[in-house]
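Q: Sharing a model that was predicted from the sequence below.
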Amino acid sequence: MASFTILGALASAIIVSMAVLPSSSALVSSPDVNPPFPKAISDLKEAVVKGLGFQTDDFKITGFDMRDTLVGHSVAYEFDVEIDNKVLPVKLLEDVKRWEYVDLPIFRVEKPVKPGEENGLIERKMMEENMGPVLAPFQLAGPMELWIQDAKHMRLSLPHDVDAGELRKVILAEGAVVTVKGAKSVSLRQPLELPLPLNQTQNGFASGLLSLAQHLHHVSGSKGAPLLSLRVVGPTSLASPSPSSHSSSNRLKLKRLAPGLVELSSPSTNKPVEIATAIDIPSEVPTLLTPEQFTTLWPMSSLNGSNSNLLGLEKLLSSVLGPKANKKGSFRLLKADVSAQTYLKVGFKVEKQLQEGDGINLEGFPEWRTKPEKVKMHFEALAKVEGDRVIPEKVTQVHPVILEDTVAPSVLLGNVTMSKMPIFHQPSNPLTL
């Protein structure tokens with residue numbers, strides 16, 4: 001997503017490009033009935049206006065009405081790749097599937113606390129912590145370590161609930177698989193060194209990423225090598241993949257190593273999978289692999305190699321690496337973060353009184369129409385919600401529906417009376433009486 005970088009020096013150019021449009025209230029409510037701005041919306045307005053470089057003396061800014069604000073949830077992917085001592089940041093954002101009118105806590109205007117209602121702030125804070133977006137459930141496979149953050153009431157099911165206290169670190173042994181639910185974000189705690197070349201196939205299967213994952217699987221936990229370490233924020237539960245099944249293969253053993261530290265292992269540990277090279281499958285053969293040839297991305301065992309996100313990520317990584325992707329070597333993954341985000345978009349309108357030298361050309365404007373005295377532009381701001389703050393990400397100009405002018409026939413014919421209009425006689429029809 002393009003970052004919010006709009007220079008104030010472009011304000012004069014924006015004025016020249018302003019189109020004269022009829023007034024529209026589709027995006028902006030009447031300023032006379034707007035409620036008081038919450039602090040988050042006021043800060044958003046101040047940041048957007050400052051970024052656009054508009055001066056309040058010359059421009060009139062209306063809108064930013066929280067009642068017209070749409071809220072949506074998405075998943076953001078952030079990576080930092082180091083190639084030849086150069087760090088390339090990559091940020092991806094899934095499309096918001098649905099925009100809704102939601103009364104977020106940040107939309108509420110703070111009111112002074114009355115005597116005897118101090119506990120209401122605590123209840124509201126707990127409610128707001130549980131209202132944030134979360135990632136879809138996913139599976140993690142060992143060997144690896146999970147550092148748990150902001151999860152005071154996390155549930156541990158193996159498949160039966162186990163009281164392990166407040167967990168801060170969970171070690172997954174080889175063969176142990178858990179399903180993580182309610183997590184707000186997952187991130188890499190330590191940089192990774194990944195080998196090249198990045199082998200790719202053209203059969204709709206991300207074999208290049210799967211090969212890298214298997215290399216990590218082989219290295220993680222080996223003699224002298226540290227475990228793959230992930231940070232999971234706000235998970236609500238860690239459970240066996242099939243809690244409804246009573247098979248012994250789905251049960252995990254719990255070993256307490258220290259207060260807040262446990263190790264989960266599987267009674268029937270699967271044998272490690274050997275490192276495989278890129279799999280070249282003919283295009284006419286369906287993508288169906290045997291367990292020996294791996295089909296999922298370790299440690300995210302719930303992601304299949306044909307996942308569209310993985311295919312897109314492999315193409316993006318190949319383009320970032322460039323010619324180096326096909327040569328022997330290595331690159332470093334410094335940062336990998338996947339998080340659930342809340343976004344909002346709100347419309348606003350900018351008005352300016354017409355003055356000489358603004359560059360507005362009214363040639364071709366109908367003579368019968370009243371000449372405009374001001375120009376208007378409509379914008380839409382996209383912002384990310386982080387706690388009680390709203391951070392602007394992108395501002396785009398939108399065009400409201402242009403009203404269609406209707407003109408009386410007398411005006412089109414020169415505004416003449418019916419008595420002066422010529423009379424046209426239609427030719428007679430012999431079949432009419």
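A: Good, I have the coordinates.
Q: Correct me if wrong: Trp147 contacts Arg189.
A: Yes: counting by CB atoms under 8 Å, Trp147 does reach Arg189; the two are 6.4 Å apart. The way it works is simple: take the backbone N, C-alpha and C, and place the C-beta from them, glycine included.
Q: of these two, who's got more company?
A: Per other CB atoms under 10 Å, whichever of Trp147 and Arg189 has more neighbours is Trp147, with 15 against 12.
Q: shared neighbours of Trp147 and Arg189, which are they?
A: Common neighbours of Trp147 and Arg189, counting by CB atoms under 8 Å, 6 or more residues apart in numbering, are Ser229, Leu230, Arg231.
Q: What's the PyMOL line that selects buried ones from those?
A: Buried subset of these, written as a PyMOL selection, criterion 16 or more other CB atoms under 10 Å:
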select buried, resi 229+230
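Q: Nearest to Ala151 among the shared contacts of Trp147 and Arg189?
A: Arg231 (11.3 Å; CB to CB).
Q: Now do whichever strand or helix holds the closest one: which elements does it pack against?
A: Here Arg231 is covered by strand 228-233, with elements defined by DSSP states H and E. Judged by 3 or more CB pairs under 8 Å, 6 or more residues apart in numbering; DSSP states H and E, the packing partners of strand 228-233 are strand 144-149, strand 185-188.
Q: possible to save the ones you listed as JSON lines with distance to Thr432 and mean pLDDT?
A: Formatted as JSON lines, these follow (distance: least, CB to CB, whole Å; pLDDT from 0 to 100):
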{"stretch": "strand 144-149", "distance to Thr432": "90", "mean pLDDT": "94"}
{"stretch": "strand 185-188", "distance to Thr432": "82", "mean pLDDT": "95"}
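Q: Relative to Leu264, which of these is closest?
A: Counting by CB to CB, Leu264 lies closest to strand 144-149 out of the helices and strands packed on strand 228-233; the figure is 9.5 Å.
Q: Just the mean pLDDT for the next helix or strand after the closest one, thanks.
A: Next in sequence after strand 144-149, counting helices and strands by DSSP H and E, comes strand 155-157. Averaging pLDDT along strand 155-157 yields 90.
Q: outside of strand 155-157, which residues touch it?
A: Asp161, Val162, Asp163, Ala164, Leu167, Thr236, Ser237, Leu238, Ala239, Ser240, Pro243, Leu254.
Q: Can you lay out these as TSV showing pLDDT, neighbour count and secondary structure?
A: Putting the contacts of strand 155-157 into TSV (pLDDT from 0 to 100; neighbours: other CB atoms under 10 Å; DSSP: H, G, I helix; E, B strand; the rest coil) gives the following:
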residue	pLDDT	neighbour count	secondary structure
Asp161	88	12	strand
Val162	88	14	coil
Asp163	85	6	coil
Ala164	82	19	coil
Leu167	91	19	coil
Thr236	92	16	coil
Ser237	93	19	strand
Leu238	93	29	strand
Ala239	91	21	strand
Ser240	87	22	coil
Pro243	48	16	coil
Leu254	92	13	strand
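Q: With respect to Glu393, which of those residues is nearest?
A: If you rank the contacts of strand 155-157 by distance to Glu393 using CB to CB, Thr236 comes first, at 28.0 Å.
Q: residues contacting the closest one?
A: Applying CB under 8 Å, 6+ apart to Thr236 gives the contacts Val134, Ala151, His153, Met154, Arg155, Lys181, Gly182, Ala183.
Q: Spell out for me the ChimeraX command that would select the buried members of the residues you listed.
A: This is the ChimeraX syntax for the buried subset of the contacts of Thr236, where burial follows 16+ other CB under 10 Å:
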select :134,151,154,155,181,182,183
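Q: from the contacts of Thr236, which single one is nearest Ser220?
A: Nearest member of the contacts of Thr236 to Ser220, counting by CB to CB, is Ala183, at 20.4 Å.
Q: Where does the closest residue to the closest one other than its chain neighbours sit: helix, strand or coil?
A: Distance criterion CB to CB, 6 or more residues apart in numbering; nearest residue to Ala183, sequence neighbours excluded, is Pro235 at 4.4 Å. At Pro235 the chain is in coil, as set by DSSP: H, G, I helix; E, B strand; the rest coil.
Q: I figured Pro235 hits Gly182, correct?
A: Yes: look at Pro235 against Gly182 with CB under 8 Å: they come within range, at 5.4 Å.
Q: bridging residues for Arg231?
A: Applying DSSP bridges to Arg231 gives these bridge partners: Trp147, Ser187.
Q: Likewise for Val75?
A: Note on Val75: beta-bridge partners by DSSP bridges are Ala340.
Q: and it, what is it in contact with?
A: Applying CB under 8 Å, 6+ apart, the residues near Val75 are Leu93, Glu94, Leu135, Val338, Ser339, Ala340, Gln341.
Q: Arg389 too?
A: Ala40, Asp43 are the contacts of Arg389 under CB under 8 Å, 6+ apart.
Q: Could I get the pLDDT score of it?
A: Value for Arg389, per-residue pLDDT: 84.
Q: And it, how close does it get to Asp150?
A: 17 Å (CB to CB, to the nearest Å).
Q: Leu344 now?
A: Between Leu344 and Asp150 the distance is 23 Å, computed by CB to CB.
Q: So which of the two has more stuff around it?
A: Just comparing Leu344 and Asp150: by other CB under 10 Å the higher neighbour count belongs to Leu344, 23 against 13.
Q: Pull the distance from the helix or strand that contains the more buried one to the chain's centre.
A: Per DSSP H and E: Leu344 is located in strand 329-353. Centroid separation for strand 329-353 versus its chain: 7 Å, with CA atoms, centre = their mean, to the nearest Å.
Q: ok, now stretch 260-268?
A: How far stretch 260-268 lies from its chain's middle: 34 Å, per CA atoms, centre = their mean.
Q: Nice, that's everything, thank you.
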